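Asker: need coordinates for the following:
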Amino acid sequence: MSFDLTSGIHTNEYNSSVFFNIVSGIKLTSKKNMALSSFNVPNGKLDIWGNGLCPGQMQRSPYAASYAEEMNPVKQTLSPIVTGTSVLGVAVKDGIILAADTLGSYGSSARFKNCSRVMKVNESTVLAAGGDLADFQYLKTIIEQRVNDENCYDDGFNYNPRSLFSWLTRVMYNRRSKYDPLWNTFAIGGMHEGKPFLGYVDKIGIAYTSDTLATGFGAYLARPILREALEKNPDMSMSEAKTLITKAMKILFYRDARSLNKFEIVSVTKDGATIEGPLSAKVDWSIAHLIHGYE
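Answerer: Numbers count the residues shown, from 1 in each chain. I've put the predicted structure just below:
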């Protein structure tokens, strides 16, 4: 440049210009670092392959895991949708009988009228369930698979009513302890070592055995009838027990709004297990017009 260096005028202007450019460059660099840091880029260095695909891996997002943890699936496990009502059971000297109607109630609507709630596990063991039908179908699938597994072993051992009863108490209590119960009440029956067995398990794992069982509304309406009949006739035959169960199911149809006059009876004797039905009881509504005040 053709400047007089002794004046220092142009030199100072040049230096100030350079200084301004340097400062501007620093400011621009700081803004760039701040912008990159907002994208979680370390040291202001943009790595376009960060969190990308690795050889042999599927595409993934670094935020997928945390997002999935925050967005829990919607569940209705604590509010049953389609339910079944009472299950009745009685044990006599020659075997046991369980009964349950085939109604699946959608709330208070008699929506599904062909829902079986009894299950033949094997020739010595049966069960019936009240409560949420979806939970019953889920557990029924598991039991069927376990029975198939036992049959594949071919070691001469199979489920008996007492072992299934014990297993169900553990399963129901385990789910209750997770605050996610299977919303069912089970009646398990069969023949074990030549003697009748009848057990009860509810959704929180409470369990007991008895000669008479009734779940749901039947515990209030039907079980007193079963107890009284068995106390008066302790040597009741299987045919008499079937007549008694049919009578109790008819009373439930009269009094329980969630019941249906269409039911199945499953019985177990030393000869094996059988499921009968759907059956219907003979009912009489001739005095219905005398009842007033419930309109």
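
Asker: how is the chain divided into domains?
Answerer: According to automatic domain parsing, the chain is divided into the following domains: 9-70, 82-284.

Asker: and of these, who's closest to residue 290?
Answerer: Among the domains of the chain, domain 82-284 comes nearest to residue 290, with 12.6 Å by CB to CB. For every residue, glycine as well, the C-beta is placed using N, CA and C.

Asker: output the below-cut-off pLDDT ranges for the stretch 101-250 of the chain.
Answerer: For the stretch 101-250 of the chain, applying pLDDT under 70 flags no range at all.

Asker: show me where it has strands.
Answerer: 104-106, 109-112, 118-122, 125-132, 184-192, 195-201, 207-209, 212-214 (DSSP state E, counting those that start in this stretch).

Asker: and the residue lying closest to residue 181 once chain neighbours are set aside, what is it in contact with?
Answerer: Distance criterion CB to CB, 6 or more residues apart in numbering; nearest residue to residue 181, sequence neighbours excluded, is residue 203 at 4.5 Å. Contacts of residue 203 were listed using CB atoms under 8 Å, 6 or more residues apart in numbering, and they are 131, 172, 176, 181, 182, 183, 184, 185.

Asker: what segments of this protein are helices?
Answerer: Under the criterion DSSP state H, the chain contains helices at 9-37, 64-70, 133-153, 161-177, 218-221, 223-232, 238-255.

Asker: any idea which of the domains of the chain is most buried?
Answerer: domain 82-284 (a mean of 18; mean count of other CB atoms under 10 Å).

Asker: how far does that domain sit from its chain's centre?
Answerer: 18 Å (CA atoms, centre = their mean, to the nearest Å).

Asker: start and end of that domain, how far apart?
Answerer: End-to-end span of domain 82-284 (CA to CA, to the nearest Å): 29 Å.

Asker: for residue 196, see how far away the closest residue to residue 184 other than its chain neighbours is.
Answerer: Using CB to CB, 6+ apart and skipping residues adjacent in sequence, the residue nearest residue 184 is residue 131, 4.0 Å away. Going from residue 131 to residue 196 by CB to CB, to the nearest Å gives 24 Å.

Asker: before we move on, what about residue 217?
Answerer: Counting by CB to CB - residue 217 and residue 196 are separated by 25 Å.

Asker: report pLDDT for the nearest residue to residue 217 once chain neighbours are set aside.
Answerer: Residue nearest to residue 217 in three dimensions, not counting chain neighbours: residue 256, with 4.6 Å by CB to CB, 6+ apart. Looking at residue 256, its pLDDT is 90.
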